[in-house]
Every structure is written in structure tokens, then in C-alpha cells.
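Participant: sharing a sequence plus its predicted fold:
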Amino acid sequence: MEKPRDVEMPEALRAWLVEVDEIKRKARERGFRRTVTNTRETWDTLTRRLVTEVPELPWIQDEMIAGPDYRVPVRLYDPDPDEPLPVALFVHGGGHISGSVAIYDPIARKLAEATRHVVVAIEYRLAPECPYPAALKDTMACAKRVFRLLEALGVPHRPRLALIGDSGGGALCATASHLAQYEPGIEIDRQVLLYPGLDYTLSQPSVITNGEGYLLERERIMWMFDAYLQNAENRRSVSPLFMDITPAYPPTLIVTAAFDPLHDEGALYATRLREAGIPVEHLDLPGVIHGFLNLEQLVPDACRQTYAAIGDFLRA
């Protein structure tokens with residue numbers, strides 16, 4: 001039976017997925033076993049091969065933000081050091097298992113250019129070495145103390161904080177925004193969630209309909225969540241999709257991908273926010289898959305549209 005991607009996807013992405021399916025098939029025949037190391041290596045390699053345009057910025061600097069039990073490495077990107085700009089924390093994706101500031105460096109640069117924000121990319125701790133809630137604690141620590149760092153460095157900035165997170169980073173941003181509703185000292189002005197993971201129970205239909213053949217597969221998501229949630233956490237209660245929403249929740253842009261297993265939880269979250277009276281924009285992109293910003297050469301038009309939408313939303 002022909003899959004919808006055969007007629008709806010850009011040809012470059014469709015052909016690439018066919019190649020990936022064949023590589024996976026041969027690997028299984030050779031007894032391939034998924035590990036933390038090869039998972040990280042695969043995502044890093046894909047990103048480096050397919051995100052090759054690296055914008056020059058006038059000021060980039062590595063620093064640290066002290067959390068309650070960990071000093072979080074961060075990288076600062078300032079597209080205009082002479083102008084006081086708003087600030088955005090960027091929390092990279094990778095299913096809580098992989099990804100890094102270094103591998104997401106080109107994406108962070110493009111976000112700084114598109115948004116005209118000082119972007120602060122955070123090197124939060126990864127599972128399984130550091131399971132939940134380590135990454136969330138790192139995200140919260142950076143949200144609380146990022147302005148203190150900028151002031152210490154003498155970086156011109158405006159006291160407006162946005163969060164930008166993709167995939168697992170989107171889960172961390174959404175959770176931080178829920179916690180910030182009740183946390184003195186954190187005020188999130190706006191938030192961008194890119195194909196976010198919002199439901200650790202994997203209860204939405206797209207987990208099944210898009211759960212095989214589109215790079216991110218249901219079985220791999222389950223493996224990642226098991227590595228992240230190691231202490232019998234109630235997966236519904238730690239899922240942003242099911243958390244309480246108050247008027248303090250920030251205006252949010254949600255970007256979803258049509259062939260993403262996580263598509264439906266992102267769409268449902270947009271509905272929940274809208275019903276709660278939170279300003280929300282939902283950009284639902286056809287013909288693309290989860291993590292498409294890391295596959296830019298295959299879907300350049302979708303990437304350009306997404307960066308433009310993020311810029312328009314955060315500059316509003």
C-alpha cells in the first residue's frame with residue numbers, strides 16, 4: 001500500500017526516507033542494537049550533514065549559569081551587540097538523550113538572526129546518566145538566572161524572556177512555563193514550541209499513524225522515555241499536555257509536522273491553550289517530519305517558513 005508521503009512529501013525527503021528505511025533494515029539483519037552512544041552519534045551526524053549554512057554573528061560567547069546542584073554551560077549569541085535586545089533561552093531537542101549546544105549551533109545562530117534576540121543555548125544534562133528531573137532543573141535555573149549573567153557580562157539587553165524549545169527541549173520549555181505560573185522570579189514573555197514532546201503517555205493517535213517509517217518511530221520514543229523517566233514517575237502528571245493552565249501562561253507559538261508521531265499532542269496542546277484563553281498560534285506544516293530543522297537541506301522551504309514565523313511571533 002502506498003504511503004501518503006509518496007505523494008505529499010518533497011521528493012528529496014521522500015527519497016531520503018526510503019534510503020533510511022533500507023539502512024535500518026540491513027542494520028537489523030546484522031544484529032544492530034540501539035545504544036545511547038550510537039543514538040547520539042546518529043543525530044549529530046545527520047545534523048552536521050544536512051545543516052551546513054552557518055551564519056556569522058558579531059558576538060558569541062560561552063559561559064556558565066549556576067543551578068542549585070549543577071553549573072549549566074551556555075552559549076550566548078548576540079546578533080547586534082550595540083542594541084539592547086530581548087532574550088531567548090534555546091533548549092535543544094534530542095529526546096532527552098542526545099543533542100548538544102555544539103550540534104545545534106547553526107540553528108541557534110539562525111534563531112538569533114530571525115528573532116533579533118540574544119539567544120542563550122543551554123547545555124542541560126542528558127539521560128540516562130542524568131534522568132528526570134535534572135534537565136528540567138537546569139532549564140529552570142537558566143530561566144531564573146540568565147539576566148543576572150547578562151548583567152555581569154555587561155551585555156545590553158531588555159528584560160523580556162522567551163523560551164524556544166524543539167522536541168524534548170519543547171517539553172522542557174512547556175514544563176518550565178507551567179512551573180513559572182507559580183514560581184516567583186520567573187516571567188516568561190513568550191514561548192515557541194517546535195514539534196514538541198508533550199505527552200509522556202504517548203496516548204495520541206499520531207503516535208500510531210506516524211509511528212513507523214518517518215525517522216522518529218514509536219519504539220524509539222518509548223526507549224528514550226524509559227531512559228529519561230527512571231524512577232516510576234507518573235507519566236501523565238509530568239506531561240505538559242495534562243498540566244494546569246492559568247492566565248499567567250505565556251503566549252505560545254506551536255509548530256507541528258504532518259508526519260510526526262508527536263503531531264497530535266502538539267495540535268491538542270494548541271487547542272487546550274486556546275480554550276484556556278492563552279494567545280496561541282499553530283503552524284502545522286504539511287509534508288515534513290519530526291526534527292525537520294535538523295534536516296534543512298531536504299526541506300529548505302519549510303525551514304525558511306519556520307524561522308520566519310518564529311521571528312514574526314517573538315518580535316511582535
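Facilitator: Nice, I can see it.
Participant: where in the chain is pLDDT low?
Facilitator: 1-7 (pLDDT under 70).
Participant: what helices or strands is the lengthiest strand in it leaning on?
Facilitator: Ranked by residue count under DSSP state E, the longest strand found in the chain is strand 157-166. Applying 3 or more C-beta pairs under 8 Å, 6 or more residues apart in numbering; DSSP states H and E, we find strand 157-166 packed against strand 85-91, helix 105-115, helix 134-153, helix 168-180, strand 190-194. Yep, even glycine has a C-beta here, placed from its N, CA and C like the rest.
Participant: could you dump the second one to CSV, C-alpha only?
Facilitator: Spelled out, it's helix 105-115. Extracted C-alpha coordinates of helix 105-115, given in CSV (Å, rounded to 0.1, in the frame of the first residue of the first chain):
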residue,chain,number,x,y,z
ASP,A,105,24.9,25.8,16.9
PRO,A,106,23.8,26.7,13.3
ILE,A,107,20.2,26.5,14.4
ALA,A,108,20.8,28.8,17.4
ARG,A,109,22.6,31.3,15.1
LYS,A,110,19.6,31.3,12.7
LEU,A,111,17.2,31.8,15.6
ALA,A,112,19.2,34.8,16.8
GLU,A,113,19.1,36.3,13.3
ALA,A,114,15.5,35.6,12.8
THR,A,115,14.2,36.9,16.1
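Participant: which SSE is immediately downstream of it?
Facilitator: Sequence-wise, the next helix or strand downstream of helix 105-115 (DSSP states H and E) is strand 118-122.
Participant: what about Pro251, how many neighbours?
Facilitator: Close neighbours of Pro251, defined as other C-beta atoms under 10 Å, add up to 17.
Participant: report the contact partners of it.
Facilitator: Shown in contact with Pro251 (C-beta atoms under 8 Å, 6 or more residues apart in numbering): 190-191, 278-280.
Participant: mind running it again at 7 Å?
Facilitator: 190, 278-280 (C-beta atoms under 7 Å, 6 or more residues apart in numbering).
Participant: ok, back up a step: and the longest strand of the chain, which strands flank it?
Facilitator: Strand 157-166 sits in its sheet next to strand 85-91 (parallel), strand 190-194 (parallel), going by DSSP bridges.
Participant: between it and helix 105-115, how big is the angle?
Facilitator: Counting by axes from the mean of the first three to the mean of the last three C-alpha atoms, to 10 degrees, strand 157-166 lies at 130 degrees to helix 105-115.
Participant: SS state for the closest residue to Arg218 other than its chain neighbours?
Facilitator: Excluding its sequence neighbours, the residue lying closest to Arg218 (C-beta to C-beta, 6 or more residues apart in numbering) is Gly211, at 3.4 Å. What DSSP: H, G, I helix; E, B strand; the rest coil gives for Gly211 is coil.
Participant: so which residue is smack in the middle of this protein?
Facilitator: Taking C-alpha atoms, centre = their mean as the criterion, Asp166 is the residue nearest the geometric centre of the chain, at 1.2 Å.
Participant: so how far is Ile97 from Pro79?
Facilitator: 30 Å (C-beta to C-beta, to the nearest Å).
Participant: hmm, I typed the wrong one, I wanted Tyr182.
Facilitator: Distance of Tyr182 to Ile97, given as C-beta to C-beta: 29 Å.
Participant: so for the longest strand of the chain, what gets flagged as buried?
Facilitator: Residues of strand 157-166 classed as buried by neighbour count (16 or more other C-beta atoms under 10 Å): 157, 160-166.
Participant: next: stretch 81-90.
Facilitator: So, applying 16+ other C-beta under 10 Å, buried residues of stretch 81-90: 85-90.
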